[in-house]
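Trainee: kindly generate the corresponding structure for this input.
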Amino acid sequence: MTYVAINVLTVQPGNGELLEQRFASRAGSVERADGFEHFELLRPVGGTDQYLVYTRWRDQDAFDAWTASRSFAAGHAEASGRPADQKPAASGSTIWAFEVAQSAEPVTD
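Mentor: Numbering: from 1, shown residues only. Modelled structure (predicted):
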């Protein structure tokens, strides 16, 4: 069953662009993971300081394998590869997990 993991990142004002740049620089690593289906970085448009990192997977086992991988660890290391004077882009993270119960696609006539 399709598994969705949403990472809720609390981003301080002024750090959104930095967060987006860091995600852009990691582009490609998750896309190679077995069972990966989709990624979106969702920027808030008002009323919240939280970005959503939406990923969709073949199943929870595929997601769990990704989070246990070296590629995941390298991309999420707090200090690895980041200069000491470079601040974190987000101050908090929470994972929301879902199984897809229903879905729909556009109808083309």
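
Trainee: number of nearby residues for Phe63?
Mentor: Using other C-beta atoms under 10 Å, Phe63 has 21 neighbouring residues. All C-beta spots, glycine's among them, are computed from the backbone N, C-alpha and C.

Trainee: show me the contacts for it.
Mentor: Shown in contact with Phe63 (C-beta atoms under 8 Å, 6 or more residues apart in numbering): Tyr3, Ala5, Gly35, Thr55, Trp57, Ala97.

Trainee: could I get those as TSV with neighbour count, secondary structure and distance to Leu41?
Mentor: Formatted as TSV, the contacts of Phe63 follow (neighbours: other C-beta atoms under 10 Å; DSSP: H, G, I helix; E, B strand; the rest coil; distance: C-beta to C-beta, whole Å):
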residue	neighbour count	secondary structure	distance to Leu41
Tyr3	20	strand	18
Ala5	18	strand	13
Gly35	16	coil	20
Thr55	19	strand	10
Trp57	22	strand	16
Ala97	10	strand	18
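
Trainee: quick one, strands of the protein?
Mentor: 3-10, 36-42, 50-57, 92-99 (DSSP state E).

Trainee: could those strands be laid out in TSV, adding mean pLDDT?
Mentor: Listed next are these as TSV, based on pLDDT from 0 to 100:
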stretch	mean pLDDT
strand 3-10	96
strand 36-42	96
strand 50-57	97
strand 92-99	94
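
Trainee: can I get those in TSV with distance to Leu19?
Mentor: Compiled in TSV, those are given as follows (distance: least, C-beta to C-beta, whole Å):
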stretch	distance to Leu19
strand 3-10	7
strand 36-42	8
strand 50-57	6
strand 92-99	11
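
Trainee: for the helix ranked longest in the chain, which helices and strands make contact with it?
Mentor: Determined from DSSP state H, the single longest helix within the chain is helix 16-25. For helix 16-25, the packing partners by 3 or more C-beta pairs under 8 Å, 6 or more residues apart in numbering; DSSP states H and E come out as strand 36-42, strand 50-57.

Trainee: highest mean neighbour count out of the ones you listed?
Mentor: strand 50-57 (a mean of 18; mean count of other C-beta atoms under 10 Å).
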